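pasting the sequence and the predicted model now:
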Amino acid sequence: MARDQIDMTPLQSRDELVAWLEAGVKPESEFRIGTEHEKTPFTLEGHQPVPYEGAKGIGALLEGMKLLLGWEPIMERGNIIGLYDVTGGGAISLEPGGQFELSGAPVETVHQTQSELMAHLAQVREIATPLGIGFLGLGMTPSWSRAQIPVMPKGRYKIMRNYMPKVGKYGLDMMFRTCTVQTNLDFSSEADMVKKLRVSLALQPIATALFANSPFTEGKPNGFLSFRSEIWRDTDNARSGMVPFAFEDGMGFERYVDYALDVPMYFVKRGEEYIDVSGSSFRDFFAGKNAALPGERPTLSDWANHLSTIFPEVRLKRYLEMRGADGVPWGRLPALPAFWVGLLYDNDSLDAAWDIVRHWTAPERQALRDDVPRFGFKSRIKDRYLFEIAKECLILSHAGLRRRGRIDHLGRDESRFLEPLERIIETGRSPAEEMLEKFNGPWKGSVEPAYQEYAF
């Protein structure tokens, strides 16, 4: 979630950086589920991008949501750029191209994730529909060029926009044209964090295949099932990817800190101002050697902000963030937290999942990650198709959710939220493959019908 942290205590030692991450450790009884999802706003008439300004713009949408929800506005230089619930609920933020993100509250069950989502959608519709705004649940905008997409008034994005083309081919596409759904999950110890990180990193390509949902660019098939996932392969490899060191002996909070210290920074925030320090390392800043802030030492806020600009397939903060899935229509959103909760929050399923991936090598994991955007379930690792492994993981997740036994008011456990994924496995086709069939059949070579069929 892109709400910048405020804690201006200067840091004295590397131990404090480690301690900041370690503070995420909590007993199993306090484990929560946080879900974040992005959706692309479009004009109901003409299916165009929605500008920030104007009576029917994104700014007006946020102002309307503020009045409806009573949430606090997040302001930057006089512009409303987000909202947050002061009672510790969720937050709404804007991605660079206006993608509208709900960062959900930390909840106890996937049933609560579903309730939160339904409430959010009803609230957003109430404000957006009169403004003529709809929302699309795909991993990437299917018809617009990058040049068409308006820029949101956020300082951090201006710095990223200038830096991205220097470090990869697709950084601006990532910023302006993609949407994801993520889930954030807890750990009970350093060893538990490492185990969950390894399992979820190795299996992230399964989430990519199950949620692959971005086969179109500028109105035509782009040759991929998840072009969003392909984009991440050439956005900025110094801060993304499969973090192979996580599988090496000695992995823990300290090892991640050492990795993060060398990831190039984007910005340092001082008051309202974003100072461009792009390309310089946190390690040098830590030593008082940042050219833009000579002699100045970073604060805990600087550290928290820096960690939020690292984009591996699974990100470690004070929780683990699953980052491999495309944005999807609302009916499938709760399936993502359900899938990972079933695998990672049940110890039997976690052990069984580790058994599946423990013998994979770093090059094999990387090859799978590289293949999945194009081939989806047909990707292979060792002598197995990803489809078989996905099927196995879904069975493990289902069993994990059943054992968790979190029951709703109708006596159903959380495994019901896996139904959309079970249907995908039954047909053997990812959502993107289904969409391509429509494009080549009933949609008659147009992506326009997506604005009805995949809208929220």
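Looks like it arrived, so ask away.

list the buried residues of the longest strand belonging to the chain.
The strand that spans the most residues within the chain, counting by DSSP state E, is strand 33-43. For strand 33-43, the neighbour count (16 or more other C-beta atoms under 10 Å) marks 33, 34, 35, 36, 37, 38, 39, 40, 41, 42, 43 as buried. Every residue, glycine included, has its C-beta placed from N, CA and C.

of all the residues you listed, which comes closest to residue 350?
residue 33 (15.3 Å; C-beta to C-beta).

any stretches of this protein with poor pLDDT?
The chain contains residues with pLDDT under 70 at 1-6.

so how far is residue 374 from the residue of it most remote from its centre?
Ranked by distance from the centre of the chain (C-alpha atoms, centre = their mean), the top residue is residue 295, with 34.9 Å. The gap separating residue 295 from residue 374 is 49 Å, by C-beta to C-beta, to the nearest Å.

next SSE downstream of the helix or strand containing residue 426?
Assessed by DSSP states H and E, residue 426 sits inside helix 419-427. Note on helix 419-427: by DSSP H and E, the next helix or strand toward the C-terminus is helix 431-440.

tell me the angle that following helix makes with helix 419-427.
70 degrees (axes from the mean of the first three to the mean of the last three C-alpha atoms, to 10 degrees).

for helix 431-440, the distance to its chain's centre please.
24 Å (C-alpha atoms, centre = their mean, to the nearest Å).

and that helix, what's buried?
Across helix 431-440, burial judged by 16+ other C-beta under 10 Å covers 431, 432, 433, 435, 436, 439.

swap in stretch 112-131?
Buried-residue list, stretch 112-131, by 16+ other C-beta under 10 Å: 112, 113, 114, 116, 117, 120, 121, 123, 124, 127, 128, 131.

mind checking the longest helix of this structure?
Taking DSSP state H as the criterion, the chain has its longest helix at helix 190-210.

show residues contacting stretch 373-390.
Under the contact criterion C-beta atoms under 8 Å, 6 or more residues apart in numbering, stretch 373-390 has outside partners 203, 205-206, 208-210, 212, 223-230, 233, 356, 359-360, 364-365, 367-368, 371-372, 425, 428, 430, 432-433.

so what's residue 222 up against?
Going by C-beta under 8 Å, 6+ apart, the list of residues near residue 222 reads 214, 215, 216.

typo on my end, it should be residue 267
With C-beta under 8 Å, 6+ apart, residue 267 has these contacts: 155, 156, 159, 274, 275, 276, 277, 278, 305.

now the second one: which helix or strand?
The secondary structure element spanning residue 156 is helix 155-167 (assigned by DSSP H and E).

could you do the fourth one as well?
Remark: residue 274 resides in strand 273-276, with elements defined by DSSP H and E.

mind giving me the packing neighbours of that strand?
helix 155-167, strand 267-270 (3 or more C-beta pairs under 8 Å, 6 or more residues apart in numbering; DSSP states H and E).

how far out from the middle of the chain is that strand?
24 Å.

also stretch 406-414?
That offset, for stretch 406-414, works out to 27 Å (C-alpha atoms, centre = their mean).

hmm, who's touching it?
108, 109, 110, 111, 338, 341, 342, 401, 402, 404, 405.

ok, of those residues, which one's closest to residue 74?
Checking the contacts of stretch 406-414 against residue 74 with C-beta to C-beta, the nearest one is residue 108 at 26.3 Å.

am I right that the closest one is in contact with residue 32?
Yes: the criterion here is C-beta atoms under 8 Å, and residue 108 meets it with residue 32 at 6.4 Å.

neighbour count for those two, which is higher?
Of the pair residue 108 and residue 32, residue 32 is the one with more neighbours under other C-beta atoms under 10 Å, namely 16 against 13.

just give me the neighbour total for the residue nearest to that one when sequence neighbours are not counted.
In this structure, residue 32 finds its nearest non-sequential neighbour in residue 106, 3.6 Å apart by C-beta to C-beta, 6 or more residues apart in numbering. Neighbour count for residue 106, taken as other C-beta under 10 Å: 17.

if I look at residue 106, how far off is residue 84?
Applying C-beta to C-beta to residue 106 and residue 84 gives a distance of 13 Å.

nearest to residue 140 among the contacts of residue 267?
Nearest member of those to residue 140, counting by C-beta to C-beta, is residue 156, at 21.7 Å.

any idea how far the closest one lies from residue 277?
Counting by C-beta to C-beta, the gap from residue 156 to residue 277 is 12 Å.

joint contacts of the two?
266, 267.

these two: which has the busier surroundings?
The residue with more neighbours, out of residue 156 and residue 277, is residue 277; 22 against 19, by other C-beta under 10 Å.

I'd say that one and residue 266 touch.
Yes: assessed by C-beta under 8 Å, residue 277 is found in contact with residue 266 at 7.3 Å.

that older thread, after the longest helix of the chain comes which helix or strand?
strand 216-217.

next secondary structure after that next one?
By DSSP H and E, the next helix or strand past strand 216-217 is strand 220-221.

who does that next one touch, helix- and strand-wise?
Strand 220-221 packs on no helix or strand, going by 3+ C-beta pairs under 8 Å, 6+ apart.

next one: it to chain centre, how far?
Relative to its chain's centre, strand 220-221 lies at 24 Å (C-alpha atoms, centre = their mean).

buried residues, the helix or strand following that strand. List them.
Remark: after strand 220-221, the chain's next helix or strand is helix 227-233, criterion DSSP H and E. Residues 227, 228, 229, 230, 231, 232 are the ones in helix 227-233 that count as buried (16+ other C-beta under 10 Å).

from residue 173, how far off is residue 208?
17 Å.

ugh, typo on my part, it should be residue 195
Counting by C-beta to C-beta, the gap from residue 195 to residue 173 is 34 Å.

which one of the two is surrounded by more residues?
With neighbours defined as other C-beta under 10 Å, residue 195 and residue 173 compare such that residue 173 has more, 24 against 19.

what's the helix or strand for the more buried one?
helix 171-177.

please state the offset of that helix from the chain centre?
14 Å.

kindly export that helix (C-alpha atoms) in CSV.
The C-alpha trace of helix 171-177 is given here as CSV (Å, rounded to 0.1, in the frame of the first residue of the first chain):
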residue,chain,number,x,y,z
GLY,A,171,8.6,-0.2,-16.2
LEU,A,172,6.2,2.4,-17.5
ASP,A,173,3.8,-0.3,-18.7
MET,A,174,3.9,-1.8,-15.2
MET,A,175,3.1,1.6,-13.7
PHE,A,176,0.4,2.7,-16.0
ARG,A,177,-1.2,-0.3,-17.5
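
which residues touch that helix?
95-97, 140-141, 144, 146, 149, 151, 157, 160-161, 163-165, 228, 231-232, 235-236.

and the next element down the chain from that helix?
Next helix or strand after helix 171-177 toward the C-terminus (DSSP H and E): strand 181-185.

what strands line up against that following strand, and which way round?
strand 33-43 (antiparallel), strand 320-322 (antiparallel) (DSSP bridges).

looking at those strands, which is closest to residue 184?
strand 33-43 (3.7 Å).

buried residues in whichever helix or strand comes after that closest one?
Where DSSP H and E defines the elements, the next helix or strand beyond strand 33-43 is helix 58-69. Neighbour counts over helix 58-69 (16+ other C-beta under 10 Å) mark 58, 59, 60, 61, 62, 64, 65, 66, 69 as buried.
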